[in-house]
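Peer 1: Sequence and predicted structure below; questions after.
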Amino acid sequence: MQEPTPEKGFYYRSDHFNLAKQGVPMLYTKAGIDSPTKGPEYGRAWLDDYVANRYHKTSDEYDPSWDVSGTLQDIELYYDVGLAVANESGWPNWREGSEFRAIRDQSR
């Protein structure tokens, strides 16, 4: 899936970007907005409110009332990806055309 808001530069501000700049393949994961229990409309409204009112503000703290039921689905997906990479005989690489592909190919 492509980054839905590339103008915000989330990948380039992520913690693992420095590894990517060295050619290390990095998977940037991000939770979606489709709440498993309340649907995508609720998820979008919640995210919009969070970004507008709490993101990077003093009120930006975990709240136990949040619906995080989709987290288990995310963890299962990350596990499956990790298992597939671990069982693969080839080395992970960037897609053709990626700005990080050339440095990765040089390091191999």
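Peer 2: Happy to help now that I have it.
Peer 1: And for residue 34, nearest residue in space, chain neighbours not counted?
Peer 2: Nearest residue to residue 34 in three dimensions, chain neighbours excluded: residue 40, at 4.3 Å (C-beta to C-beta, 6 or more residues apart in numbering). For glycine as for every other residue, the C-beta is placed from the backbone atoms N, C-alpha and C.
Peer 1: any idea how far residue 6 is from the one you found?
Peer 2: 21 Å (C-beta to C-beta, to the nearest Å).
Peer 1: Equivalent analysis for residue 31, please.
Peer 2: From residue 31 across to residue 6, the span is 17 Å (C-beta to C-beta).
Peer 1: where are the low-confidence patches of this protein?
Peer 2: The chain contains residues with pLDDT under 70 at 1-4.
Peer 1: ok, the most centrally placed residue in it - contacts?
Peer 2: Geometric centre of the chain, nearest residue: residue 29, 1.8 Å, by C-alpha atoms, centre = their mean. Residues in contact with residue 29, defined by C-beta atoms under 8 Å, 6 or more residues apart in numbering, are 74, 78.
Peer 1: Same question for residue 73.
Peer 2: residue 36.
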